[in-house]
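Colleague: give me coordinates for this.
(chains A and B)
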Amino acid sequence: MCIPDKNIYKPYLATIESVVDETPDIRTLRLVFQDEAVRDSFTFRAGQFAEYSAFGFGESTFCIASAPTRSGYIECCFRAVGRVTEALRRLEVGETVGVRGPYGNSFPIEQFFGRNLVFVAGGIALPPLRTLIWQCLDWRDRFGDITIVYGARTESDLVYKHELAEWQGRGDVRLVKTVDPGGNGPNWDGQVGFVPTVLEQAAPSAENTIALVCGPPVMIKFTLPVLEKLGFADEAIYTTLENRMKCGLGKCGRCNVGNVYVCKDGPVFTAAQVKAMPQEF
Amino acid sequence: MAKTLSLDNLHRLVDALLQEGVRVVGPKRTGTLTVYAPLTRGEELELNELPRRSAKETFFPPCETILSFEKRDGRTTVSDPDLDRLPETVLIGVRPCDAAAPGILDAVFSWDYDDPFFLERRKRTTIIGIACTSSDDACFCTAVGLTPDARQGSDLFLVPVEGGGFAVEALDAKGSALKERHAALFTAGGNTVPLPLAEPKVEPLDLEKIRAWLDGNFEHPLWKEIADRCAGCGACAFLCPACHCFDIVDEGGEGSGCRRKHWDACGFGKFTMHASAHNPRDVQPQRYRNRIMHKFKYYRDKFGQTLCTGCGRCIRWCPVGIDIKAVLDEINKKS
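Modeller: Here you go, the predicted structure:
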């Protein structure tokens, strides 16, 4: 929810409050809306995304990576890989970015109350789950066991390193972190192996459990059969799809997978929904 | 009694509208082409030729500024284009295939979020359609549910009559208001025997059957057969009255500039390419499949309408001779 503007393409202005370099090329921006009325009224649900702009360069689509339960700011996390993301990365604390959103559907968190949760993420795909992880941790007593399986190619490719340490230290979360073989340094205290393999070894129970999976297509491809083997039904597995977007509003016509518009019908889908789609993502 | 309008009075109507300060857009010869363009006098109207490009740019310009930004003393400000300054427009001499399209596009530009740029122009534009009395081999409006005298989308409609001039029909409040404002130009009675209508040489397609076939044949050898030769030039999308895909880009520099909406086309290779270089539609047949699916399945699924009015421009001007009508006939045969 936000204040409606007649010009649906006009972003709110936000100031970069802080910057964290998660990896050599992945950065988190914490953003505070400049207009007090927007700051007070902007709400979103975990799973929704926004269009972030570096003025003069354009807009890029990322999820809102901070938790809806943490108000006063939003965060995004991105890899500097193109014209817009390089420009966003050059901006410093105190400078201005544009934000349009929140857009898209969200995780149906109310349906997860009373259930166990297994989060499975790879590489830069932790941010779309991290928003939900923190919301669940902020509402900890509404959920059963929480397991987080997170992996990246190397130790330095892991994002939110401080938060991983925090989750590891909590008694009410089971964190299984892993790096690909060869990605571990001498002091690595996690697992070594690919996410699907490590998930299989961790073997979380599927009983009364929801799985939430985000990662590169190859990780998803090998993770779904593991979840199936562990007893998860396709309806109990959630993921988010990412396709190139421009408007985020269901008009510009490029993010569709078959007749499903990722920007409006998604980005959150169950594995059952994804399996019913044509292979176009 | 039916009203008629002589060709001279049609020209006078344009002149009178211009005098009132109304922007009048109609088919006009510019250089070697006839296109829908702002008229400066009535006699410029060229009603004998289907314009090269459709009339969609009257509502959805190829490139338009959606905001501008400025950074001064470390402070960024963003300002909107003034939509209140969009001119009242009369779009005149519009073929049924072009007149029907904007109404079809209303659905996508107004579901959930209203696109003010498209919708404000729609609100401020009166469409004067004209029945078609000639067609060529590429015309196929009758195959997709329209006719050479379809009123769909027109506010006022002209039917060419024997002996010259037009029978005039107001179809809604906008059309009636325009007619009443210039009542002196319209004559009661006169010859109202219509000239023979154009007869596109096509059979009607069963659009629901085509939709059903597309539903089950996302993967099919047909896509490769048709579209391996597609050059990905995007001409079909740019000429199409109903293609609405666009890009959003910033122009100018960090200090000041503007953000613009540009026409885009699903036939372009980079249309869906991710920053990682992963491309869900990696090869041309996949892109052409999306074009057909979007027009004849996805848009029907979402909005119950077909995103094609049979104007035939994509057939006439495709540099590699891809014929959408032949593709539809082939699908019709298979389904």
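
Colleague: pick out the residue nearest the middle of chain B.
Modeller: Chain B has B:P241 as the residue nearest its centroid, 2.5 Å off, counting by CA atoms, centre = their mean.

Colleague: any low-confidence regions in chain A?
Modeller: Scanning chain A for pLDDT under 70 picks out A:1-4.

Colleague: try it again with 50
Modeller: Scanning chain A with the threshold set as pLDDT under 50 gives A:3.

Colleague: would you mark the buried spots in stretch B:172-192?
Modeller: Across stretch B:172-192, burial judged by 16 or more other CB atoms under 10 Å in any protein chain shown covers B:174-175, B:178-179, B:182, B:185-186, B:190, B:192. Glycine gets a C-beta too; all of them are placed from N, C-alpha and C.

Colleague: got it, and stretch B:147-163?
Modeller: Buried, per 16+ other CB under 10 Å, within stretch B:147-163: B:147-161.

Colleague: cool, and stretch A:225-244?
Modeller: Here stretch A:225-244 shows A:226-227, A:230, A:232, A:236-244 as buried, counting by 16+ other CB under 10 Å.

Colleague: out of these, which touch chain B?
Modeller: For chain B, the contacts drawn from these by CB under 8 Å from any CB of the partner chain are A:242-244.

Colleague: from those, which is closest to B:I92?
Modeller: A:R244 (38.9 Å; CB to CB).

Colleague: you'd agree that closest one is up against B:H274?
Modeller: Yes - counting by CB atoms under 8 Å, A:R244 touches B:H274, with 5.6 Å between them.

Colleague: ok, back up a step: the residue nearest to the centre of chain B touches B:G103, doesn't it?
Modeller: No - at 10.8 Å, B:P241 and B:G103 do not qualify as touching, with contact defined as CB under 8 Å.

Colleague: what's the helix or strand for A:T28?
Modeller: Assigned by DSSP states H and E, A:T28 falls within strand A:26-33.

Colleague: with B:G164 instead?
Modeller: Using DSSP H and E, B:G164 is not contained in any helix or strand.

Colleague: may I see the buried residues of stretch A:138-145?
Modeller: Result for stretch A:138-145 [16+ other CB under 10 Å]: buried residues A:F143.

Colleague: what's next to it, contact-wise?
Modeller: A:67, A:69-70, A:112-117, A:136, A:146, A:172, A:174, A:204, A:208-209 (CB atoms under 8 Å, 6 or more residues apart in numbering or on different chains).

Colleague: just flag the most distant two among those residues.
Modeller: Greatest spatial distance in the contacts of stretch A:138-145: A:R70 and A:N208, 27.7 Å, computed using CB to CB.

Colleague: sorry, back to before: for A:I26, state which of the ones next to chain B among the buried residues of stretch A:225-244 is nearest.
Modeller: Distances from A:I26 to these, taken by CB to CB, are shortest for A:E242, at 15.2 Å.

Colleague: quick check on that closest one: phi, psi?
Modeller: phi -130, psi 130 (degrees, to the nearest 10).

Colleague: residues touching it, list them.
Modeller: Contacts of A:E242 (CB under 8 Å, 6+ apart): A:61, A:262, A:267, A:281, B:274.

Colleague: same question for B:P241.
Modeller: B:54-56, B:97-98, B:100-101, B:309, B:311, B:313.

Colleague: same check on B:G267?
Modeller: Contacts of B:G267 (CB under 8 Å, 6+ apart): B:230, B:232-234, B:236-237, B:284, B:287-288, B:291.

Colleague: same question for it, what's its three-state structure.
Modeller: Secondary structure, DSSP: H, G, I helix; E, B strand; the rest coil: B:G267 is coil.

Colleague: what about the contacts of stretch A:138-145, which are in helices?
Modeller: Using DSSP state H, the subset of these located in helices is A:C136.

Colleague: just the buried ones from the contacts of stretch A:138-145?
Modeller: Those of the contacts of stretch A:138-145 that meet the buried threshold are A:67, A:112, A:116-117, A:136, A:146, A:174, A:204, A:209, by 16+ other CB under 10 Å.

Colleague: ok, the residues you listed vs B:A326, which is closest?
Modeller: Looking across the buried ones among the contacts of stretch A:138-145 and measuring by CB to CB, the closest to B:A326 is A:F112, at 51.4 Å.

Colleague: what bridges to the residue nearest to that closest one when sequence neighbours are not counted?
Modeller: Leaving out its chain neighbours, the residue that sits closest to A:F112 by CB to CB, 6 or more residues apart in numbering or on different chains is A:I210, at 5.2 Å. Going by DSSP bridges, A:I210 is paired in beta bridges with A:L117.

Colleague: now A:I210: how far from chain B?
Modeller: 27 Å (CB to the nearest CB, to the nearest Å).

Colleague: could you chop the chain up by domain?
Modeller: Assuming you mean chain A. A:12-103, A:109-240 (automatic domain parsing).

Colleague: hm, I was asking about chain B
Modeller: With automatic domain parsing as the reference, chain B has domains B:3-188, B:207-334.

Colleague: can you say which of the ones you listed is nearest to A:P217?
Modeller: Short answer: domain B:207-334, nearest of these by CB to CB, at 7.5 Å.

Colleague: residues of the stretch 1-150 of chain A that sit close to chain B?
Modeller: So the stretch 1-150 of chain A meets chain B at A:6-11, A:13, A:53, A:55-60, A:79, A:81-82, A:85, A:87, A:94-96, A:98 (CB under 8 Å from any CB).

Colleague: of these, buried ones?
Modeller: A:7-11, A:13, A:53, A:55-60, A:79, A:81-82, A:85, A:87, A:95-96, A:98.

Colleague: which members of the residues you listed occur in helices, if any?
Modeller: Using DSSP H, those in helices are A:85, A:87.

Colleague: wait, which of the contacts of A:E242 is closest to A:S106?
Modeller: A:P267 (9.0 Å).

Colleague: in the sheet, who's paired with the closest residue to the closest one other than its chain neighbours?
Modeller: Nearest non-adjacent residue to A:P267, counting by CB to CB, 6+ apart: A:T240, 4.3 Å away. On the basis of DSSP bridges, A:T240 is bridged to A:V268.

Colleague: list the contacts of A:T240.
Modeller: A:47, A:63, A:128, A:214, A:266-269.

Colleague: ok so, going back, okay, the domains of chain B in CSV with mean pLDDT next?
Modeller: Converted to CSV, the domains of chain B look like this (pLDDT from 0 to 100):
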stretch, mean pLDDT
domain B:3-188, 96
domain B:207-334, 96
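
Colleague: possible to save these as TSV with distance to A:L158?
Modeller: As requested, the domains of chain B are arranged in TSV below (distance: least, CB to CB, whole Å):
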stretch	distance to A:L158
domain B:3-188	33
domain B:207-334	19
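
Colleague: between these, which gets nearest to A:V159?
Modeller: The closest of these to A:V159 is domain B:207-334. By CB to CB, the value is 16.0 Å.

Colleague: what's the span of that closest one, first residue to last?
Modeller: End-to-end distance for domain B:207-334, by CA to CA, to the nearest Å: 13 Å.

Colleague: what is the neighbour count of B:Y299?
Modeller: When neighbours are defined as other CB atoms under 10 Å in any protein chain shown, B:Y299 has 24 of them.

Colleague: residues of the helix or strand containing it that come out buried?
Modeller: Assigned by DSSP H and E, B:Y299 belongs to helix B:299-303. If you call a residue buried by 16+ other CB under 10 Å, then helix B:299-303 has these buried ones: B:299-300, B:302.

Colleague: quick one: distance of that helix to the chain centre.
Modeller: 18 Å (CA atoms, centre = their mean, to the nearest Å).
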